[in-house]
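Novice: generate coordinates for the sequence data below:
(chains A, B and C)
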Amino acid sequence: MVSQSPSPSPTAAPVRPQAAPTPDSPALSCENVNFFYGETQAIQNVTIDVPRGKVIAFIGPSGCGKSTLLRCFNRMNDFIPDSRLEGRILFHGQDLYAREVDPVQVRRRIGMVFQKPNPFPKSIYDNIAWGPLINGLVPRSGRRAWLDALVERCLRGAALWDEVKDRLGESGLALSGGQQQRLCIARAMALEPEIILMDEPCSALDPRSTQRVEDLIDELRGHYTIIIVTHNMQQAARVSDLTAFYYLGELVEYGPTDELFQRPREPRTEAYITGRFG
Amino acid sequence: MNSLAVADAQLAARHRAGRRFEVLLWLMTAAGVVMLVLLLIQILTQGATWVRGSFLTGVASIRPERAGFLPAIVGSVAIIAITGLVAVPVGVAAAVYLEEFAPRNRLTSIIETNVSNLAGVPAIVYGLLGLALFVRALSLGRSLLSGALTLAILVLPTIIIASREAIRAVPQSLRLAALAVGATRWQTTWHHVLPAALPGVLTSVILALSRALGEAAPLLVIGAASYVPFLPRKLSDSFTAMPIQIYTWSAMPQAQFQNVAAAGIIVLLVVLLSMNATAIIIRQRAGSKLKW
Amino acid sequence: MSELHEVGTIGPGLRRRRGRFLGEEGIRLGLAAAAGVAIVITLGIAITLISEALRFFAHVGLAEFLFGRKWAPTFKPPAFGVLPLVAGTLHIVVGSCLIAVPLGLGAALWLSEYASDRGRAIIKPTLEVLAGIPSVVFGYFAINAITPLLRKIMPGVDVFNSLSASVVVGVMVLPLVASLCDDAFRAVPRALREGAYALGATKREVCIQVLIPAALSGVLAAVVLAVSRAVGETMAVALAAGNLAQLTLDPRQSIQTMTGFIVQISAGDVAHGSVEYQTLFAVGLLLFLITLAMNLIANYIFRKFREEYE
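Specialist: Sure thing, here's the model as predicted:
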């Protein structure tokens, strides 16, 4: 793994000094993004705007670059040696890959839920409290009460509270797969991110658990901007407002989900959604 | 608008702590390397000028400047040769059995547990076994043969474990292919699995024997002699070995003998390094030829 | 089975061919016998140690041996309290682990989390070389480099002392700890690291708060194995720590370990059947039992650790 870089300038300043975003400015926008693993190009010249407060699905056959692009949004690809990004990804007008940007700041503000549930081998409570604790968000006085309230709020938000409220001290690993994934969503919510990235969050879950996670995504709509990568077209159609179809590293088509599925403009999109490849 | 770049004081402190931590870990890693370098420097400065013709061809002496290493060199070579002759066939056969033939039952798992526990028994305990079994019960005396057999038992678990890994690395498809054309289990093993596993087995055997070459404790216990002014000629002769001679010299009160010990260590390390280098070359050759 | 069979004769053709079957069976038995040698060796160790130790305990009470505070088997009158030897061994265990565990853990974290492929390719083999250096060489190094250095910087250090021996045993055990902990850290799923980084953790926080707790049982098993190795370590201790079996807490003084005693008695020509000869096996049995217990504990913890992530 490569070491974390670049390091931030140590100037002390208020945490979030940005101007209030206008409602219609995009939450995130990519400008001509290319991404390379060594010599292989995984993403080709992608330009896309992600609107605020919506659920956006990234679909496409496996290896089309949708997960890679998602991981660029919170700089998780920093850990891959020999990888390189060209172009700009703008968040509040700030390029995520500018020299002075601290990836830790990025990841605090843009949360992520992974393909396989990955709770820490700690208690349910600590799984949620850990992010705010290491990031120094917990007030000095009344820590316990603040954390208790946070844990309850996040677990309720992730529709998990009623199932686990009596066993917050148990290991997160003791939960079922679907519960673990909702715990991971609650864990991401604890940092109050503006965007939550979901990388095939249901691929390791059974249909019932999938249903619950999809219901949860529906409830979170409007409160967060959610970008969800999925290989399941029905899922994209069910949960998303907008859908982007990728093929061989290119963004082929992007538009309102209904339109894209009912009247695809591109023949490749049509071929994919009608199941001719994938 | 530069909200992602402006670090708050808390985050800056975390990054500083992170950098300090990385430096600390690096220093801890370097400590082992530094120790190795210091060790080699100490040995070379003290012993390099003592490695000369008369040292390599001479026999034991009570005068440091006339002390020779030849009986120890010959003793070590003879012991390791016999150790290998005894331990390698038995060890590889046991590994083949456990990987290719053994049924999954209680007896097999007892054998496996036994092997892994034997690998953790201190070398000196094998010396006690050798003393009671070979020197006394079988009346082999404090001889070259007793020493070699003791070391054979010592390296056997290591050889079994490492050979099993080499055999396990042979892909299953090769076995299935052989069995599918009507070969028996043994024909499959002898004609296909063992040749494919040979580089790995050879590497593990060399490494195990180089370990045995540096062992002094079990040989001391069975009674290797510390003063051998002649070369061993028969299996029943009393003997010394390189690590034994180095121990004897290091334990001498006269400072000059420390230089002789260092010279002996240089010879021992050169032999060990060339064995390890051979093992590495075999491993790399095999790696480039066979790719699964 | 070269010729084609008539339909009706295929049945008998499938029967086991007797000669080939017997040969195969003979080879199988031969190989099984080789594997059985492992059991024979274990039994051999157990029987020799126990039978000679039993003869020893005919002379010396078990309680006197285990709890006696004076060890002087070759004196007149002799004393057979093994505690000073156990205490000497503990000196080496504690001292060497104080060096090997933190350094090994640090090196393992660096190797698994910070090192580039190049850095790994340099450090890993170097540590393997360090692990391959014979114990007697470390004994020489302790006498000629560590002890003089200690005597220069610390007052009251004896010529033979447990501290110097502990330092070199620590260095010897370090590669083992580093390699086992490295394995343990690498066995922690990447997803767990990613989960932590995605919450804005720095690498140090991931190491200390996620990886070490997640790999704790693996690390613990490595420590137990390191202790076991230090208990059985012989030549470096025999050379550097001296031959004075005494109960002391002072690491600047000379001590004697269980292994050191075995070497000391073996170096003199002990008469078969004498009490000295039998003490070798009583002490050896104790040594064997302690290391066996340690290894069993370590194996148990390792198994638990693997279950956690598989």
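
Novice: and stretch A:196-205 with chain B, contact?
Specialist: No: with C-beta under 8 Å from any C-beta of the partner chain as the measure, stretch A:196-205 is seen stopping short of chain B, the closest distance being 15.9 Å. The C-beta positions use only the backbone N, C-alpha and C, and glycine is treated the same way.

Novice: can you give me the strands for the stretch 51-200 of chain C?
Specialist: With DSSP state E, counting those that start in this stretch, the ranges of strands along the stretch 51-200 of chain C come out as C:71-72, C:79-80.

Novice: so which of those strands gets nearest chain A?
Specialist: Ranking these by their distance to chain A (criterion: C-beta to the nearest C-beta) puts strand C:71-72 first, at 46.0 Å.

Novice: average pLDDT across the closest one?
Specialist: Average pLDDT, strand C:71-72: 86.

Novice: contacts for that strand?
Specialist: The set of residues that contact strand C:71-72 without belonging to it, under C-beta atoms under 8 Å, 6 or more residues apart in numbering or on different chains, is C:78-85, C:245, C:256, C:261.

Novice: parallel or antiparallel, which strands does that strand pair with?
Specialist: The pairing partners recorded for strand C:71-72 under DSSP bridges are strand C:79-80 (antiparallel).

Novice: buried only: go through the contacts of strand C:71-72 for me.
Specialist: Buried residues within those, counting neighbours by 16 or more other C-beta atoms under 10 Å in any protein chain shown: C:80-85, C:245, C:256, C:261.

Novice: in the residues you listed, find the pair that's most separated.
Specialist: Set against one another by C-beta to C-beta, the buried ones among the contacts of strand C:71-72 have their most distant pair in C:Phe80 and C:Gln256, with a gap of 14.0 Å.

Novice: who are the contact partners of A:Cys184?
Specialist: The neighbourhood of A:Cys184, defined by C-beta under 8 Å, 6+ apart, consists of A:113-114, A:117-119, C:195.

Novice: give me the residue at the spatial middle of chain B.
Specialist: In chain B, the centroid-proximal residue (C-alpha atoms, centre = their mean) is B:Arg211; its distance is 1.8 Å.

Novice: now chain A, which segments are flagged as low pLDDT?
Specialist: By pLDDT under 70, the low-scoring segments of chain A are A:1-24, A:277-278.

Novice: where does chain C have its least confident helix or strand?
Specialist: The element with the least model confidence among the helices and strands of chain C, by mean pLDDT, DSSP states H and E, is helix C:10-13, at a mean of 53.

Novice: check which residues of stretch B:39-49 are buried.
Specialist: Going by neighbour count (16+ other C-beta under 10 Å), the buried part of stretch B:39-49 is B:39-40, B:42-43, B:46-47.

Novice: in strands only, show me those residues.
Specialist: Counting by DSSP state E, no part of the buried residues of stretch B:39-49 is found in strands.

Novice: and of these, the nearest to B:Ile124?
Specialist: Using C-beta to C-beta, the shortest approach to B:Ile124 within those belongs to B:Leu39, at 22.7 Å.

Novice: burial count for the closest residue to that closest one other than its chain neighbours?
Specialist: Spatially, and ignoring its direct neighbours in sequence, B:Leu39 is nearest to C:Phe141 (5.2 Å; C-beta to C-beta, 6 or more residues apart in numbering or on different chains). Under the neighbour criterion other C-beta atoms under 10 Å in any protein chain shown, C:Phe141 is assigned a count of 28.

Novice: one more: A:Ser171?
Specialist: 15.

Novice: re earlier: the residue nearest to the centre of chain B sits in which helix or strand?
Specialist: In this structure, B:Arg211 is located in helix B:194-214 according to DSSP states H and E.

Novice: buried sites along the helix or strand following that helix?
Specialist: Proceeding C-terminally, helix B:194-214 gives way to helix B:217-222 as the next helix or strand, assigned by DSSP H and E. Judged by neighbour count using 16+ other C-beta under 10 Å, the buried positions of helix B:217-222 are B:217-222.

Novice: for chain A, what lies in contact range of chain C?
Specialist: Within chain A, the residues that sit near chain C (C-beta under 8 Å from any C-beta) are A:1-4, A:74, A:76, A:79, A:81, A:104-105, A:107-108, A:111-112, A:114, A:116, A:118-122, A:130-131, A:134-135, A:184, A:187-188, A:191.

Novice: give the bridge partners for the spatially most central residue of chain A, please.
Specialist: Nearest residue to the geometric centre of chain A (C-alpha atoms, centre = their mean): A:Leu197, 0.7 Å. Here A:Leu197 sits in beta bridges with A:Met112, A:Ile227, going by DSSP bridges.

Novice: isn't it right up against A:Phe73?
Specialist: Yes: in this structure, A:Leu197 sits in contact with A:Phe73. The criterion is C-beta atoms under 8 Å, and the distance is 5.7 Å.

Novice: joint contacts of these two?
Specialist: By C-beta under 8 Å, 6+ apart, the residues touching both A:Leu197 and A:Phe73 are A:110, A:227.

Novice: picking that back up, can you read off the pLDDT for the residue nearest to the centre of chain B?
Specialist: What the model reports for B:Arg211 is a pLDDT of 91.

Novice: if I look at it, how far off is A:Gly136?
Specialist: Applying C-beta to C-beta, to the nearest Å, the value for B:Arg211 to A:Gly136 is 51 Å.

Novice: if anything else comes up later, I'll come back, but that's it for now.
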